[in-house]
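K.L.:
Pasting the sequence and the predicted coordinates here, then a few questions.
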Amino acid sequence: MKTSTSQPRRTQVGIIGAGPAGLLLSQLLHQQGISSVVLENRSRQRVETRQRAGLLEQNTVDLLREAGAAARLDRQGLVHDGVLLSYNGQRHRVALAELTGGAHVTIYAQPEVIKDLIARRLDTGGTILFEADATRIEGLETDSPTIHYTYQGEALALECDFVAGCDGFHGIARQAAPAGFFKTYDKVYPYCWLGILARVAPSTDELIYAFHERGFALHSMRSSEISRLYVQCDPADTVDDWPDARIWAELHQRLGTAGWTLQEGPILEKTITPMRSFVTEPMQYERLFLAGDAAHIVPPTGGKGLNMAVADTKNLFDALRAHYQDGDDALLRGYSAACMRRVWRVQEFSNYMTEMLHLLPGKPAFDQYLQQSRFDLLTTCEAASRVLAENYVGMASHRASEGVALA
Ligand code: APR
Ligand code: PHB
């Protein structure tokens with residue numbers, strides 16, 4: 001193996017992945033005087049432009065503020081006090097703030113969160129190696145595990161005290177434990193989302209999630225000039241199956257309601273997102289800690305992926321701080337248990353939103369009536385809407401700072 005004089009050989013926390021989890025963890029640790037190095041196999045440009053959902057819970061906003069990375073978010077984020085659900089054109093508003101004692105969500109795109117975190121980390125002297133591909137982790141059972149990676153054609157090694165596996169669903173961290181150590185649970189949904197960014201003012205002030213007999217649709221937004229919209233499509237579809245005119249025609253039908261018009265604009269980008277639920281348990285193996293998509297995936301209905309990654313990061317940060325500052329490893333030992341209850345709550349909510357709102361062709365009529373009745377309950381029973389609202393803004397009882405674990 002070649003050695004390099006210019007790259008760090010040792011750090012306290014070796015972080016794989018410069019997504020929201022890895023970047024935020026690195027910055028929070030730095031602010032407590034704990035060193036870390038972030039290894040990211042994509043280019044900076046690529047990680048800053050990947051389109052992802054853009055809905056932030058209050059907890060997420062608070063943590064980005066704590067990291068000093070929320071100045072632009074505070075200026076440009078769109079605060080939403082309510083959300084609209086539509087069932088075949090019949091709309092129902094869930095008054096998030098009213099039902100939850102004042103909580104709300106903020107719309108701010110994930111690529112912007114990433115840009116802000118990278119800028120903040122680099123401004124404060126952080127080390128993020130882009131196009132550095134972590135290939136394997138060794139010595140997790142020792143006090144000094146090593147992450148092997150390739151960078152600019154060289155095979156390098158980073159020794160650390162702990163490894164944070166923040167490397168997303170396709171990362172390598174999960175594979176570092178012995179085969180069978182991590183249990184995984186998953187569910188693949190038989191539909192996808194086709195997402196577009198369009199240069200047009202949003203036609204709505206609040207997000208619209210629509211069930212329609214032609215399939216699901218969602219109207220979200222990025223700014224006063226850019227709309228973000230989604231339609232349910234078939235897993236076999238490619239973007240070529242969806243010319244602009246077809247997308248707008250479906251959006252008009254699925255989102256439509258009397259007296260309301262959807263404004264069209266040039267489509268800037270089209271992507272297809274698969275829908276899947278996935279959980280790894282536990283989230284720790286010896287000195288390896290998994291956070292974010294490396295440990296769990298949710299379908300995007302409800303926008304929980306980023307928020308879960310941030311909540312894990314908070315748990316992991318608290319545990320590492322207690323280790324370094326107080327010599328107390330109780331939170332490190334309890335990391336996985338503290339996360340799992342929240343993880344399953346968010347899984348259940350994302351699954352509930354997904355299954356209530358999507359069309360499942362060929363589904364027995366019985367199930368379709370159940371789906372309709374779920375929507376009906378929301379329109380007639382405030383308690384049902386409150387449960388949805390509390391989950392949507394982030395359950396207070398399951399916040400990362402509560403460190404909840406099932407008794
Ligand atoms: N070496 C280095 N970096 C890697 C490797 C590797 N072997 N494998 C993956 N990565 C990087 C990916 O390129 C990616 O940038 O790890 C990063 C993981 O980031 P995310 O996928 O954004 O995961 P996470 O930080 O957990 O954030 C979850 O992002 O995927 C969305 O919808 C999801 O909003 C959620 C959030
Ligand atoms: C988005 O703005 O991209 C978004 C918002 C809410 C969701 C999913 C995606 O539930």
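P.N.:
Structure received. Ligands and ions are numbered 1, 2, ... in the order given.

K.L.:
measure residue 86 to ligand 2 for me?
P.N.:
For residue 86, the distance to ligand 2 equals 14 Å [CB to the nearest ligand atom, to the nearest Å]. Bear in mind the C-beta positions are built from the backbone N, C-alpha and C, glycine included.

K.L.:
So that residue sits against residue 206, correct?
P.N.:
No - with contact defined as CB atoms under 8 Å, residue 86 does not count as touching residue 206 (11.4 Å).

K.L.:
These two: which is more packed in?
P.N.:
More neighbours surround residue 86 than the other of residue 86 and residue 206, with 23 against 18 (other CB atoms under 10 Å).

K.L.:
Report the secondary structure element holding the more buried one.
P.N.:
strand 83-87 (DSSP states H and E).

K.L.:
and if you look at residue 24?
P.N.:
If you go by DSSP H and E, residue 24 is part of helix 20-31.

K.L.:
Does that helix pack against any helices or strands, and if so which?
P.N.:
Under the contact definition 3 or more CB pairs under 8 Å, 6 or more residues apart in numbering; DSSP states H and E, helix 20-31 sits against strand 13-16, strand 36-40, helix 58-66, helix 110-123, strand 162-165, helix 305-321.

K.L.:
Can you tell me which helices and strands the strand holding residue 86 packs against?
P.N.:
Against strand 83-87 (3+ CB pairs under 8 Å, 6+ apart) you get strand 90-94, strand 208-211, helix 365-380.

K.L.:
before we move on, the earlier item: any chance of the helices and strands packed on helix 20-31 in CSV, plus mean pLDDT?
P.N.:
Listed next are these as CSV, based on pLDDT from 0 to 100:
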stretch, mean pLDDT
strand 13-16, 98
strand 36-40, 98
helix 58-66, 96
helix 110-123, 97
strand 162-165, 98
helix 305-321, 98
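
K.L.:
can you list the residues of the chain near ligand 2?
P.N.:
With CB under 6 Å from any ligand atom as the criterion, the chain meets ligand 2 at residues 53, 54, 55, 207, 220, 228, 300, 301, 302, 303.

K.L.:
give me the subset of those touching ligand 1.
P.N.:
residue 53.

K.L.:
out of the residues of the chain next to ligand 2, which one sits closest to ligand 1?
P.N.:
residue 53 (5.9 Å; CB to the nearest ligand atom).

K.L.:
That closest one - nearest residue in space that isn't next to it in sequence?
P.N.:
Residue nearest to residue 53 in three dimensions, not counting chain neighbours: residue 303, with 4.3 Å by CB to CB, 6 or more residues apart in numbering.

K.L.:
Enumerate every residue touching the one you found.
P.N.:
53, 54, 55, 105 (CB atoms under 8 Å, 6 or more residues apart in numbering).

K.L.:
which parts of the stretch 301-407 of the chain sit against ligand 1?
P.N.:
305, 306, 309.

K.L.:
If you rank these by neighbours, which is first?
P.N.:
Busiest of these [other CB under 10 Å] is residue 309, holding 26 neighbours.

K.L.:
how far away is that one from ligand 2?
P.N.:
15 Å.

K.L.:
hey, which helix or strand in the chain has the poorest pLDDT?
P.N.:
Across the helices and strands of the chain, mean pLDDT, DSSP states H and E gives its lowest value to helix 365-380, namely a mean of 93.

K.L.:
Just give the closest residue to residue 358, not the sequence neighbours.
P.N.:
Nearest to residue 358 is residue 216, by CB to CB, 6+ apart, at 4.6 Å.

K.L.:
Over to the one you found: give its phi and psi.
P.N.:
Main-chain dihedrals, residue 216, degrees, to the nearest 10: phi -70, psi 150.

K.L.:
And it, what's its pLDDT?
P.N.:
Here, the pLDDT recorded for residue 216 equals 98.

K.L.:
ok, now the one 5 residues further on?
P.N.:
Confidence at residue 221, expressed as pLDDT, is 96.

K.L.:
surely it meets residue 77?
P.N.:
No - taking contacts as CB under 8 Å, residue 221 lies outside contact range of residue 77: 11.5 Å.

K.L.:
Quickly list what's touching both of the two.
P.N.:
By CB under 8 Å, 6+ apart, the residues touching both residue 221 and residue 77 are residue 107.

K.L.:
In contact with residue 48, which residues?
P.N.:
111, 114, 115, 118.

K.L.:
follow-up on the earlier one: just say which of the helices and strands packed on strand 83-87 is most tucked in.
P.N.:
Scoring the helices and strands packed on strand 83-87 by mean neighbour count under mean count of other CB atoms under 10 Å gives strand 208-211 as the most buried, with a mean of 24.

K.L.:
and it, which strands flank it?
P.N.:
With DSSP bridges as the test, strand 208-211 is paired with strand 83-87 (parallel), strand 217-221 (antiparallel).

K.L.:
and the top strand by length along the chain, which residues are buried?
P.N.:
In the chain, assigned by DSSP state E, the strand with the most residues is strand 183-199. Buried residues in strand 183-199, defined by neighbour count with 16 or more other CB atoms under 10 Å: 189, 191, 192, 193, 194, 195, 196, 197, 198.

K.L.:
by how many degrees do that strand and strand 217-221 diverge?
P.N.:
60 degrees (axes from the mean of the first three to the mean of the last three CA atoms, to 10 degrees).

K.L.:
any idea of the mean pLDDT for strand 183-199?
P.N.:
Here the average pLDDT along strand 183-199 is 97.

K.L.:
Who are the contact partners of residue 322?
P.N.:
328, 329, 330, 331, 332.

K.L.:
In those, find the pair that's most separated.
P.N.:
Farthest pair in the contacts of residue 322 (CB to CB) is 328 and 332. Separation: 8.5 Å.
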